[in-house]
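> Quick check, what structure comes out for this input:
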Amino acid sequence: MTVSHGPESGRPARFPVASMSDLVDRPVRYDLAESTSPPLRLDELLDGDVADRLGALEIGYGTSQGDAELRALIAAGAGVSPADVLVTAGGSSGMFLLAFTLCRPEDHAVVVTPCFPPARAALDALGCRVTPVALSFDDGYRLDVDAVAAALTPQTRLVSLASPQNPSGVRFTEQELRALLGRMAVAAPHAVLLVDETYRQSCYGAAPVPRSTAGLSPRVVTCSSVSKAHGAPGIRVGWLTVTDPALYESLRVAKFNTLITGSGVDELLAAEVLRREEQILGVRRTALATALDTLDRWTAGHRDAVEFVRPDGGALCCLRLRADRYDDQAVRRFHEELAKRETRVGLGGWFGEPDRVFRLGFGHLPAPDFRTALERLAEALAVA
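Got it, this is the predicted structure:
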């Protein structure tokens, strides 16, 4: 991850600033770095009485917990009570609130990598001591419970991971998470396990949706949003599930002191997304299955150039340029050649990996554009 330095103080910036912000600031023609399903359009939500309800909405403060109907919909999907749901401004806001509530500079956190950058950035900004535990591409990014446990200390307050993982799409099993909780109980008795479930519902075709880990233990906090699986990142709504009442109250107060409440407009639209969830997700699961099949065939045809960790869920995965074909200079040339072709992948450096590893999103582009993007990827591989 590229870190910018403050020009006046000479000290690192409080938040790492990586070119990942290009995803929203610098569009390209064929964006394989994007990690969402196809974006919803507002007119897909505004039929029936939704427009009337929006028109009648009072633009005042809501509640610090979030809209009651929205929390009930989230709770039903996660298998918890609405009282356990705290609505946040996207999943990344929930990550920040949890770090802000749990961690002080003298505290310790463990972050399983590769990871979504805000999972680490919030902790670094607070000055918390962070130990990254790197999972291995060669091992298919499976959860190494022993390695995570070895990083725990009595000062550990937070263990952070994602399932399915961003950027790899690899899902961890309930058995693995239970084993990790058991090790935490001994080595880090005050720590909370954050499970980012943003891609939990991004399944392929008719594959069953794994149940949420929200009810696994009072020491588990989950975060999610409507951004990725549902294709609605412009509705800045995410949530935390927190079954420990004392921790929930601390998080609610932290939200009030930083954001006061969320946007009533966004929360109304997010509730409408969740009411139509099966229809919205059904279309996207079919599209993801088709795109993943296309990618399977593409990677099989280019196995002399790239290695592939096949994802368990989500609209994204990790590929790696083969070391026996591409040296470090060739890796740089590959990314330069992609840029010449108006095509982009997610740099491994965004997530704590070398740039010969890259995230490829296969859920965002329409099928014809996705095939064209893969053709341009093949061209860059050939000339790098």
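
> shaky segments in the stretch 1-150 of the chain?
For the stretch 1-150 of the chain, applying pLDDT under 70 flags the ranges 1-20, 23-24.

> elements contacting the strand or helix carrying Ala254?
Following DSSP states H and E, one finds Ala254 within helix 245-258. Applying 3 or more C-beta pairs under 8 Å, 6 or more residues apart in numbering; DSSP states H and E, we find helix 245-258 packed against strand 85-88, helix 91-102, strand 238-242. All C-beta atoms are positioned from the backbone trio N, CA, C, and that covers glycine.

> let's go with 10 Å and repeat that
strand 85-88, helix 91-102, strand 220-225, strand 238-242 (3 or more C-beta pairs under 10 Å, 6 or more residues apart in numbering; DSSP states H and E).

> Neighbouring strands of the first one in the sheet, and parallel or not?
The partner list of strand 85-88 in its sheet, established with DSSP bridges, is strand 238-242 (antiparallel).

> Quick check: buried residues in the helix holding Ala254?
If you call a residue buried by 16 or more other C-beta atoms under 10 Å, then helix 245-258 has these buried ones: 247-248, 250-252, 254-255.

> With mean neighbour count and distance to Leu57 added, can I get the helices and strands packed on helix 245-258 in JSON lines?
Output for the helices and strands packed on helix 245-258, formatted as JSON lines (neighbours: other C-beta atoms under 10 Å; distance: least, C-beta to C-beta, whole Å):
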{"stretch": "strand 85-88", "mean neighbour count": "27", "distance to Leu57": "16"}
{"stretch": "helix 91-102", "mean neighbour count": "25", "distance to Leu57": "22"}
{"stretch": "strand 220-225", "mean neighbour count": "27", "distance to Leu57": "21"}
{"stretch": "strand 238-242", "mean neighbour count": "27", "distance to Leu57": "20"}
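
> To Gly349, which of the ones you listed lies closest?
Closest to Gly349 of these, according to C-beta to C-beta: helix 91-102, at 18.8 Å.

> that older thread, wait, which of the helices and strands packed on helix 245-258 is closest to Asp369?
Closest among the helices and strands packed on helix 245-258, using C-beta to C-beta: strand 220-225, at 24.8 Å.

> For the closest one, list the C-alpha coordinates in PDB.
Included here for strand 220-225 are C-alpha records, laid out as PDB according to Å, rounded to 0.1, in the frame of the first residue of the first chain:
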ATOM      1  CA  VAL A 220     -18.500 -11.800  17.300                       C
ATOM      2  CA  VAL A 221     -19.400  -8.500  15.500                       C
ATOM      3  CA  THR A 222     -20.300  -8.700  11.800                       C
ATOM      4  CA  CYS A 223     -20.400  -5.900   9.300                       C
ATOM      5  CA  SER A 224     -22.000  -5.800   5.900                       C
ATOM      6  CA  SER A 225     -23.800  -3.400   3.500                       C
END
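
> residue boundaries of the helices in the stretch 101-250 of the chain?
Under the criterion DSSP state H, counting those that start in this stretch, the stretch 101-250 of the chain contains helices at 117-125, 145-151, 174-187, 245-258.

> Remind me what the third one packs against, helices and strands.
In this structure, helix 174-187 packs against helix 145-151, strand 156-162, strand 192-196, with contacts taken as 3+ C-beta pairs under 10 Å, 6+ apart.

> Show me the beta-bridge partners of the residue lying closest to Gly90 once chain neighbours are set aside.
Leaving aside its chain neighbours, Gly90 sits nearest to Gly238 (4.4 Å; criterion: C-beta to C-beta, 6 or more residues apart in numbering). When bridges are called by DSSP bridges, Gly238 pairs up with Thr88, Ser225.

> I'd guessed Gly238 sits against Leu259; true?
No. Using C-beta atoms under 10 Å, Gly238 is not in contact with Leu259; the gap is 12.0 Å.

> Please enumerate the shared neighbours of those two.
88-89, 93 (C-beta atoms under 10 Å, 6 or more residues apart in numbering).

> can I get those in JSON lines with distance to Asp47?
What follows is those, written out as JSON lines (distance: C-beta to C-beta, whole Å):
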{"residue": "Thr88", "distance to Asp47": "28"}
{"residue": "Ala89", "distance to Asp47": "26"}
{"residue": "Ser93", "distance to Asp47": "29"}
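
> Check the residues you listed against Glu58 and report the nearest one.
Out of the shared contacts of Gly238 and Leu259, the member with the shortest distance to Glu58 (by C-beta to C-beta) is Ala89, at 19.8 Å.

> How about that closest one, nearest residue that isn't a chain neighbour?
Arg236 (4.9 Å).

> Next, work out how far apart the one you found and Leu259 are.
11 Å (C-beta to C-beta, to the nearest Å).

> quick one: which of these two has more around it?
More neighbours surround Arg236 than the other of Arg236 and Leu259, with 20 against 14 (other C-beta atoms under 10 Å).

> what sits against that one?
If you count contacts by C-beta under 10 Å, 6+ apart, then Arg236 has 88-93, 225-227, 262-263, 266-267, 270 around it.

> I'd like those residues as JSON lines, with distance to Pro167 appended.
JSON lines is the format used below for the contacts of Arg236 (distance: C-beta to C-beta, whole Å):
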{"residue": "Thr88", "distance to Pro167": "22"}
{"residue": "Ala89", "distance to Pro167": "23"}
{"residue": "Gly90", "distance to Pro167": "18"}
{"residue": "Gly91", "distance to Pro167": "15"}
{"residue": "Ser92", "distance to Pro167": "15"}
{"residue": "Ser93", "distance to Pro167": "20"}
{"residue": "Ser225", "distance to Pro167": "17"}
{"residue": "Val226", "distance to Pro167": "20"}
{"residue": "Ser227", "distance to Pro167": "15"}
{"residue": "Gly262", "distance to Pro167": "27"}
{"residue": "Ser263", "distance to Pro167": "29"}
{"residue": "Asp266", "distance to Pro167": "26"}
{"residue": "Glu267", "distance to Pro167": "29"}
{"residue": "Ala270", "distance to Pro167": "25"}
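
> If anything else comes up later, I'll come back, but that's it for now.
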